[in-house]
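Engineer: what follows is a predicted structure for the sequence shown.
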Number of protein chains: 2
Amino acid sequence: MIDEKFKIYGELITVGDELLSGRTVNNNAAHMGHHLKLAGFQIRWTAVVGDREEDIVAALQRAMERAPFVLVTGGLGPTEDDRTNAAVATALGRPLHRDPESWQVITNHLKKHNIPMTQPIAKMAELPKGARRIDLTRPRAGYYISHADKPLFFLPGVPEEMADMLKAFVLPTLKERFPEPITIRSQVLRIFGLRESEIAQRLAELDKKYSTVGFGYFPHFPENHLSLTVQASTATSADTILEEVVQAVVQELGLYVYGRGDDRLEMVVGRSLMDNGCTLALAESCTGGLIAHLITNVPGSSAYFDRSMVAYSDAAKTSHLLVSPDLISRRGVVSMQVAEAMVRGLKRESEPNIALAVTGLAGPTGGTPEKPVGTVFLALLSDKGLRTERFQFGGERQKIKLAAAYKALDWLRRAMIDESFFDVG
Amino acid sequence: MIDEKFKIYGELITVGDELLSGRTVNNNAAHMGHHLKLAGFQIRWTAVVGDREEDIVAALQRAMERAPFVLVTGGLGPTEDDRTNAAVATALGRPLHRDPESWQVITNHLKKHNIPMTQPIAKMAELPKGARRIDLTRPRAGYYISHADKPLFFLPGVPEEMADMLKAFVLPTLKERFPEPITIRSQVLRIFGLRESEIAQRLAELDKKYSTVGFGYFPHFPENHLSLTVQASTATSADTILEEVVQAVVQELGLYVYGRGDDRLEMVVGRSLMDNGCTLALAESCTGGLIAHLITNVPGSSAYFDRSMVAYSDAAKTSHLLVSPDLISRRGVVSMQVAEAMVRGLKRESEPNIALAVTGLAGPTGGTPEKPVGTVFLALLSDKGLRTERFQFGGERQKIKLAAAYKALDWLRRAMIDESFFDVG
């Protein structure tokens, strides 16, 4: 329930025909609601309107009447159906004019990339009078108006741009305008290897014990995220309770908790490889390059990532991973023996500290009763030893790839921190 | 844009604190918008409110004023914070009473499953006067009221229950009430290689010429999608106009249009490889396996995809792609010469019909004035020839990887269908 003690409600207006027609799911609204709440603010009303100017005007007028602050996303772009600026001009009586800062940022960008100025692009510099551009370096639409002493934020509909501006500008500005919200602290713990129901069962007692702490479960296949939220009258007491409950949860779940906040499994693996001065090489069949893609998403990964042999065909496994064609025909390319041969061939060829190989069947065809779609073999070889294991994943092709890739990342993580990793299997 | 000629707009009200706080994404709104549109109806306004009765009342009153039909989801359950029925009673002046049909369905269900009646369960049979229960067999909340000659639908927030009732009851009822909905047909064209503003400029005349066709632009980095929407009084004329405008757009944009509907670039490349009986091998450096990952997301890709050598380190480029260490030290690993050496080494090693190599600088560090972050070299070698080119992409690491990977996929596509592909560069 919305907390009655907490009066700083805002209104969110999301603009776009695609939201009404269901072409686009309103993820922006969820993102904004979530992050405002974490910062101690709440959205009380959300209006979704299409690209009709009159509807945007009406929604804005309504929001101005009832909400202490207003956020608008969408309709700021260069095309004919981007009408938010015109609607703001009408609703607030602030005529459009060429905003010097926006003009500067846009012309600089065009010059740098050798793009000619066009009418649609020029339109993006036409802002309502009194609007203050948010991004002063990049050509991203988005501005702020303080109208009748209410803060109004106009953000792009592009999710990353909206999220950046929300974090860098909207939340700090709201905190400055409304200085004493109840303090809310939260921490997300990232968990791999347990189902949501298993986590809930293991934490049932803690959930009861910490009755003022919110335990929120968010499945993010193939992981689960646990959000712990504490509300308190002071920042210090919120921080203290939060840290206590985080410690208790980590104690309970052990190595299944791999990170906090914005950590990602590939970042944790990367940090660990870096700290241990290890290099990594991969041999991927059914994951098709996905593990390498995740590993190389992390800045600085070239310091520890050597290569991935995405050996999709049998010929590639033979020529680059030295797997004997005879073994493939005897055991099948999806087998424990071939996984082990792949990882041994890889280690011989490239001499990394840690080598990992994966072979499996992502489907949708090719399954047999003995090896159905979703059968995956992992092999990990390091100075400490060799581990191989068979897994059975469910779902469609992309889900199987994802499940196998995350399991591989989790193996890499555990191989470096879990003393008993190589004792299994 | 919503067509002005088409007046049967509705309003959707979705109720629930979890929608405002971002705990739940509003997938129900997208589902309803989509299915209403396919049936010839449109949502013009959506209001999201929390579980406060006064807010539900206000949203209902507003919707009754402006919308020819109203749909409400959520807040029909048994708990304390389910307030929709009470709000309907207030907003419409229809007091709650025990609905005989609902009472019957609920008591039957309890008897059958041996569950005792409780106060919260009994509450679910308390409906506003004049409400007509939708599901007469199962204990699912949901009812219909015709108020001041407007159809009002109250559906559960549970997605499957909402979807079932939408299909089985709401759409048929709307069709009966508004017997001549306009037929709507739409087609999405997927475009790569042009900016949104460039597409808009090239299509400005067509947009004017086809004044009854909606041109909607949707950036999906690094692509752009164009949605063409036609409304007509008959299905035949809608189909005819749509096909005409699709042809005209394709004529205008040429090879920049790579697909329709749910096509993806990697699917189009896969189909083309398959049709031409070609095999593909990749040598990836800065894309780190992403191209292979995209290619192998397509079911059946093992028929044409041989391997990707994700050669992140210099050693991997030397040992598996036969790039001479001397060339790397003379020209730099990010260079046209190394890209060409990679693709030639790859072709020699694996003999695919098409070989593609990419080397570049994804950042965030390592840039120089001559080769800033975002510098990428592509090389493609097939029986028809060799093409190499230098690109400069913007943005952060993951955006550069994505831009480079899509450019590579587009090269693969064009190498197979564009006669002049190898004439360039």
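Structural biologist: Looks like it came in fine.
Engineer: what parts of the stretch 251-400 of chain A come near chain B?
Structural biologist: With Cβ under 8 Å from any Cβ of the partner chain as the criterion, the stretch 251-400 of chain A comes near chain B at residues A:282, A:284, A:287-293, A:295-297, A:299-302, A:305-313, A:315-316, A:319-320, A:349-350, A:362-365, A:397-398. Glycine gets a C-beta too; all of them are placed from N, C-alpha and C.
Engineer: now a ChimeraX select for only the buried ones of those residues.
Structural biologist: The ChimeraX command for the buried members of these (criterion: 16 or more other Cβ atoms under 10 Å in any protein chain shown) is given here:
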select /A:282,284,287,288,289,290,291,292,293,295,296,297,299,301,302,305,306,307,308,309,310,311,312,313,315,316,319,320,349,350,362,363,397
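Engineer: so of the residues of the stretch 251-400 of chain A next to chain B, which ones are in helices?
Structural biologist: A:290-293, A:295-296, A:315-316, A:319-320, A:349-350, A:397-398 (DSSP state H).
Engineer: dump those to a markdown table, plus distance to A:Ser197 and pLDDT.
Structural biologist: A markdown table is the format used below for those (distance: Cβ to Cβ, whole Å; pLDDT from 0 to 100):
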| residue | distance to A:Ser197 | pLDDT |
| --- | --- | --- |
| A:Leu290 | 27 | 98 |
| A:Ile291 | 28 | 98 |
| A:Ala292 | 33 | 98 |
| A:His293 | 31 | 98 |
| A:Ile295 | 30 | 98 |
| A:Thr296 | 34 | 98 |
| A:Ala315 | 44 | 95 |
| A:Ala316 | 41 | 95 |
| A:Ser319 | 46 | 91 |
| A:His320 | 42 | 89 |
| A:Glu349 | 43 | 86 |
| A:Ser350 | 41 | 88 |
| A:Arg397 | 26 | 96 |
| A:Gln398 | 24 | 95 |
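Engineer: nearest to B:Trp411, of those?
Structural biologist: Distance to B:Trp411, by Cβ to Cβ, is smallest for A:His293 among these, at 18.9 Å.
Engineer: I figured that closest one was touching B:Cys286, is that so?
Structural biologist: No. The pair A:His293 / B:Cys286 is not scored as a contact, 11.5 Å apart, by Cβ atoms under 8 Å.
Engineer: hey, where'd the helices end up in the stretch 301-425 of chain A?
Structural biologist: A:314-321, A:325-331, A:336-350, A:397-417 (DSSP state H, counting those that start in this stretch).
Engineer: in JSON lines: these, plus distance to A:Arg94.
Structural biologist: Converted to JSON lines, the helices of the stretch 301-425 of chain A look like this (distance: least, Cβ to Cβ, whole Å):
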{"stretch": "helix A:314-321", "distance to A:Arg94": "63"}
{"stretch": "helix A:325-331", "distance to A:Arg94": "71"}
{"stretch": "helix A:336-350", "distance to A:Arg94": "63"}
{"stretch": "helix A:397-417", "distance to A:Arg94": "47"}
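Engineer: could you pull up the residues touching A:Leu20?
Structural biologist: By Cβ atoms under 8 Å, 6 or more residues apart in numbering or on different chains, the residues touching A:Leu20 are A:48-50, B:33, B:42-46.
Engineer: whoops, I mixed them up, A:Ser301
Structural biologist: For A:Ser301, the contacting residues are A:270, A:295, B:288, B:312, by Cβ under 8 Å, 6+ apart.
Engineer: can you do 6 Å?
Structural biologist: Applying Cβ atoms under 6 Å, 6 or more residues apart in numbering or on different chains to A:Ser301 gives the contacts A:270, A:295.
Engineer: A:Thr388: what's it in contact with?
Structural biologist: With Cβ under 6 Å, 6+ apart, A:Thr388 has these contacts: A:336, A:339-340, A:379.
Engineer: kindly state the beta-bridge partners for it.
Structural biologist: A:Ala379 (DSSP bridges).
Engineer: how much space between it and B:Gln119?
Structural biologist: According to Cβ to Cβ, to the nearest Å, A:Thr388 stands 58 Å off from B:Gln119.
Engineer: neighbouring strands - and their directions - for the lowest-mean-pLDDT helix or strand in chain A?
Structural biologist: Counting by mean pLDDT, DSSP states H and E, the weakest-scoring helix or strand in chain A turns out to be strand A:213-220, with a mean of 78. Sheet pairing of strand A:213-220 (DSSP bridges) gives strand A:223-232 (antiparallel).
Engineer: packing partners of the helix or strand following the strand it pairs with?
Structural biologist: Moving toward the C-terminus from strand A:223-232, the next helix or strand (DSSP states H and E) is helix A:235-253. When contacts are defined as 3 or more Cβ pairs under 6 Å, 6 or more residues apart in numbering or on different chains; DSSP states H and E, helix A:235-253 packs onto strand A:183-192, strand A:223-232.
Engineer: make a markdown table from the ones you listed and add mean pLDDT to it.
Structural biologist: Formatted as a markdown table, the helices and strands packed on helix A:235-253 follow (pLDDT from 0 to 100):
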| stretch | mean pLDDT |
| --- | --- |
| strand A:183-192 | 87 |
| strand A:223-232 | 86 |
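Engineer: any chance of those in CSV, plus mean neighbour count?
Structural biologist: Shown next, in CSV, are those (neighbours: other Cβ atoms under 10 Å in any protein chain shown):
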stretch, mean neighbour count
strand A:183-192, 19
strand A:223-232, 19
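Engineer: so for A:Leu255, which of these sits nearest?
Structural biologist: A:Leu255 sits nearest to strand A:183-192 of all these, at 9.3 Å, using Cβ to Cβ.
Engineer: coming back round to it: of the contacts of A:Leu20, which belong to helices?
Structural biologist: Per DSSP H, those map to helices at B:Gly33.
Engineer: ok, so of the contacts of A:Leu20, who is nearest A:Ala87?
Structural biologist: Distances from A:Ala87 to the contacts of A:Leu20, taken as Cβ to Cβ, are shortest for A:Val49 (9.2 Å).
Engineer: excluding chain neighbours, what is closest to the closest one?
Structural biologist: Distances taken as Cβ to Cβ, 6 or more residues apart in numbering or on different chains place A:Asp55 nearest to A:Val49, at 4.2 Å, with adjacent residues excluded.
Engineer: low-confidence stretches in chain A?
Structural biologist: Counting by pLDDT under 70, chain A has low-confidence residues at A:1-7, A:180-182, A:425.
Engineer: domains of it?
Structural biologist: Chain A resolves into domains spanning A:9-177, A:183-260, A:266-423 when parsed by automatic domain parsing.
Engineer: format these as a markdown table; extra columns: distance to B:Lys111.
Structural biologist: Listed next are these as a markdown table, based on distance: least, Cβ to Cβ, whole Å:
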| stretch | distance to B:Lys111 |
| --- | --- |
| domain A:9-177 | 39 |
| domain A:183-260 | 30 |
| domain A:266-423 | 37 |
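Engineer: can you tell me the number of residues neighbouring A:Leu136?
Structural biologist: A:Leu136 sits with 10 neighbouring residues when counted by other Cβ atoms under 10 Å in any protein chain shown.
Engineer: what of A:Thr137?
Structural biologist: A:Thr137: 8 surrounding residues under other Cβ under 10 Å.
Engineer: what's the answer for A:Phe41, then?
Structural biologist: Residues near A:Phe41, counting by other Cβ under 10 Å, number 24.
Engineer: also A:Thr318?
Structural biologist: Neighbour count of A:Thr318, defined by other Cβ under 10 Å: 18.
Engineer: so what's it closest to, chain neighbours aside?
Structural biologist: Nearest residue to A:Thr318, sequence neighbours excluded (Cβ to Cβ, 6+ apart): A:Pro325, at 5.6 Å.
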